[in-house]
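Undergrad: Coordinates for the following, if possible.
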Amino acid sequence: MNPSVSVNVHLGDLSALANSTDKGPHDHNFVEIYERFFFQYMYKPIRVLEIGIYNGDSLKLWNNYFRQASIFGIDIEPKSQYDTDIIKTFVADQANRSQLQSFIDTHGGDFDIIIDDGGHYMEQQQISFGFLFPFVKPGGYYVIEDVHTSLSNIYPEFMAIPATSTLSMIEGFIRKSSAHIDSLYMTLDEMTYLQDHIDLVSLNTRNRSNRSMTCLFKKK
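TA: Prediction:
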């Protein structure tokens, strides 16, 4: 941070900025968790990628919170109306490796934070995770939101099968991240890389009627 910049920020600022998104206190309140990890980045020139743009509010949130960041967004539909000097959007299917590679070829890697708030299907979450995690900087974070879609008894439409670790995000990765990662959708190289480079897993769940589960993976 530039020492000449006057800093007047407090824990809770992210929550205050997030009210227009489902990450905020009036919905899932994921930001209550994120701020503990991301506060350190507020005045650093970091690179942030979010999968899933929707109405652009989350991109604006990161733009407002991270004062010196470059912000990138991926969506399956064109969202160029949200492009600015700081925010750059890209059309890609998060379950398509060649399209994800096109994004990397265009905008580069070395992300401090990647957040998956995309389609929430098991295939989408796992392919994106396996492909993009190598492009997170050492010590950086990869976040997968809404992992409650792995609860097949509640959300069967997201293709998680009970007791089948190769399909469930929770079973295949979160509960086994310190032992043996297993995925029907990833390559062996991707699974090995994850196994070797995940330093910390933080699964957070809030007991509420609409379910709220998010998971942060810190890279070694």
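
Undergrad: Contact partners for Asn55?
TA: Under the criterion of C-beta atoms under 8 Å, 6 or more residues apart in numbering, the contact list for Asn55 is empty. C-beta coordinates here come from the backbone N, C-alpha and C atoms, glycine included.

Undergrad: got it, and Ile74?
TA: 49-53, 89-92, 94, 100, 103, 118.

Undergrad: change it to 7 Å
TA: By C-beta atoms under 7 Å, 6 or more residues apart in numbering, the contact list for Ile74 reads 49, 51, 90, 92, 94, 103.

Undergrad: Drop anything exposed from these.
TA: Listed as buried from the contacts of Ile74 are 49, 51, 90, 92, 94, 103; burial here means 16 or more other C-beta atoms under 10 Å.

Undergrad: Which of these sits closest to Ser128?
TA: Closest approach to Ser128 among these (C-beta to C-beta): Gln94, at 4.4 Å.

Undergrad: Assess the claim that the closest one and His120 are in contact.
TA: No - using C-beta atoms under 7 Å, Gln94 makes no contact with His120, being 10.2 Å away.

Undergrad: can you map out the strands along this protein?
TA: For the chain, the strands defined by DSSP state E cover 47-51, 70-75, 87-91, 111-116, 136-145, 198-206, 212-219.

Undergrad: and the third one, what other elements does it pack with?
TA: Just to be clear, that refers to strand 87-91. In terms of contacts (3 or more C-beta pairs under 7 Å, 6 or more residues apart in numbering; DSSP states H and E), strand 87-91 is packed against strand 70-75, helix 97-107.

Undergrad: could you give the angle of the first one to strand 47-51?
TA: With axes from the mean of the first three to the mean of the last three C-alpha atoms, to 10 degrees applied, the angle from strand 70-75 to strand 47-51 works out at 10 degrees.

Undergrad: ditto for the last one
TA: Using the same axes, to 10 degrees, the interaxial angle of helix 97-107 with respect to strand 47-51 works out to 150 degrees.

Undergrad: Identify each buried residue in helix 97-107, please.
TA: Within helix 97-107, the residues that count as buried by 16+ other C-beta under 10 Å are 97, 100, 103-104.

Undergrad: Is it possible to get JSON lines of these that adds distance to Lys220 and pLDDT?
TA: Formatted as JSON lines, these follow (distance: C-beta to C-beta, whole Å; pLDDT from 0 to 100):
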{"residue": "Arg97", "distance to Lys220": "23", "pLDDT": "98"}
{"residue": "Leu100", "distance to Lys220": "22", "pLDDT": "98"}
{"residue": "Phe103", "distance to Lys220": "24", "pLDDT": "98"}
{"residue": "Ile104", "distance to Lys220": "21", "pLDDT": "98"}
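
Undergrad: Now distance to Met191 too, for the residues you listed, in TSV please.
TA: Rendered in TSV, the data for the buried residues of helix 97-107 read as follows (distance: C-beta to C-beta, whole Å):
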residue	distance to Met191
Arg97	14
Leu100	17
Phe103	22
Ile104	20
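
Undergrad: I am finished for the moment; much appreciated.
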